[in-house]
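Visitor: Structure of the sequence below:
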Amino acid sequence: MATFRFIYPKETSTSAELRNRFKKFRDAQKAPTLASLSKSEIHNATPVKGIHLQANDVKILHNIAVSTSPLAEAISNQKATPEQIIGTLSTSLLTLEFIKMEAEYKKSLSAAKNDSDKKTLNTRWQEGVKAFKLAYSSIGLKGIDEKNMRRYSSELLKDKKAFNSVVNIANSKQAGRGSKKTTLNAKSIATGNFVTYVGKLDDALIGNIILPLNLCSRPLVQGSFTKHFGHSFSLQVSISLPCITGWKWGIIPIFGWCRHTYTIAGLSYNVDLNVGYKVTCCGGEAWGVASASVCATLLGIQFCAGCSASIVGVAGIARTPSGSNCIYGLGLSAELKCTFAGITVLDVVVPFGYTLTGPCPPLPCVKTNQIFADF
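Guide: Coordinates of the predicted model:
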């Protein structure tokens, strides 16, 4: 656990300057970047491994999607891997499109006026099936025929709640970056990865700690306080997959190549970070580490992320006279990180502030190294 030392500026500040310095401290803290993470922490796009879809597979996705602890659901209960989740989702999304094509075919067939029209529709249907063979092949499912496609559809539709989860995930799609327009062919390969969310959360709430009256006449004061962090974010995957961009004759799908980001579960991260400190009226040290678990269930697969909160930076903000005492401003920065199967799915920095109210130093503070002589 890292310990961070700090000292207070020699000059005193007004209350307005104290508030302004807190704001400057928060503004100066930078959000993590993907470049700051190690290669092992980022899930790079890899070929999708589709599965021979069964109702239980769809239920796994559903359980993760509706769980109050999606990541725990995936790892602890369902023993899911990132590749399994992406493979199950990709197969489910293609099967959902096949169901739509079949619905259009049946609708047109029922409206056919004669055998010639029906024959034409059947020919077009077979062309559509050929297109889906290429689509399934792109996720590693080679040699899939119409019988297999209908069986996948049947499995996807068995559980209405699970089916609705797939529909909701499909509807959450957002166009991804770096997408290239590519013609679908036998050599096409779909890829996917989990998305790492990085960012910065600004906590403007300033807590307060009352220090002992003999703060400046004793070697140091030691204590701790608890800071609660709560944050909601979306568990997302980015998949480059064949997508239907239009229809020929109302039945034959026209496939393009799309990269979309899908939201598969909403996660809520809550942790209480116990911050320890040692202070004098001139400076001090602070530290803190905490852990929590964030979990989810996605269409039946349960998985968990190990989450942590830690102090990554501390700064003495200002010393402001207040009556017979002084208010010492303390700026802290915490990092909240969640990982799933070694992959970082959340990495955010949260700057926050505390004031410590205690005696003013009777004399100017001595050299920095003497401040910590008794620590």
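Visitor: Tell me how many other residues surround Lys187.
Guide: Neighbour count of Lys187, defined by other Cβ atoms under 10 Å: 8. Any C-beta I mention is one placed from the backbone N, CA and C, and that applies to glycine too.
Visitor: Please, which helix or strand holds it?
Guide: Using DSSP states H and E, Lys187 maps to neither a helix nor a strand.
Visitor: shaky segments in the chain?
Guide: In the predicted model of the chain, residues 67-79, 177-182, 295-304, 363-364, 366-375 satisfy pLDDT under 70.
Visitor: and the longest helix along the chain, what other elements does it pack with?
Guide: As assigned by DSSP state H, the longest helix anywhere in the chain is helix 82-111. Helix 82-111 sits against helix 55-66, helix 115-138, helix 146-157, helix 160-171, strand 191-194, strand 221-248, strand 252-279, strand 289-322, with contacts defined as 3 or more Cβ pairs under 8 Å, 6 or more residues apart in numbering; DSSP states H and E.
Visitor: Any chance of a markdown table for those, columns mean neighbour count and distance to Leu96?
Guide: Output for these, formatted as a markdown table (neighbours: other Cβ atoms under 10 Å; distance: least, Cβ to Cβ, whole Å):
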| stretch | mean neighbour count | distance to Leu96 |
| --- | --- | --- |
| helix 55-66 | 24 | 10 |
| helix 115-138 | 17 | 12 |
| helix 146-157 | 18 | 7 |
| helix 160-171 | 17 | 6 |
| strand 191-194 | 22 | 16 |
| strand 221-248 | 17 | 10 |
| strand 252-279 | 19 | 12 |
| strand 289-322 | 22 | 12 |
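Visitor: I'd like the ones you listed written out as TSV, with distance to Gly342 added.
Guide: Below are these laid out as TSV (distance: least, Cβ to Cβ, whole Å):
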stretch	distance to Gly342
helix 55-66	18
helix 115-138	27
helix 146-157	30
helix 160-171	23
strand 191-194	11
strand 221-248	15
strand 252-279	17
strand 289-322	10
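Visitor: looking at those, which is closest to Arg21?
Guide: Nearest to Arg21, of all these, is strand 289-322, at 4.8 Å by Cβ to Cβ.
Visitor: Now do the end-to-end distance for stretch 284-292.
Guide: 28 Å (Cα to Cα, to the nearest Å).
Visitor: Same question for stretch 199-206.
Guide: 21 Å.
Visitor: before we move on, the earlier item: which of the helices and strands packed on helix 82-111 sits closest to Lys49?
Guide: strand 191-194 (9.4 Å).
Visitor: For the closest one, C-alpha coordinates in PDB please.
Guide: The C-alpha coordinates for strand 191-194 follow below in PDB (Å, rounded to 0.1, in the frame of the first residue of the first chain):
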ATOM      1  CA  THR A 191     -13.900  -9.900 -34.000                       C
ATOM      2  CA  GLY A 192     -14.900  -8.700 -30.600                       C
ATOM      3  CA  ASN A 193     -13.600  -7.400 -27.300                       C
ATOM      4  CA  PHE A 194     -14.800  -6.000 -23.900                       C
END
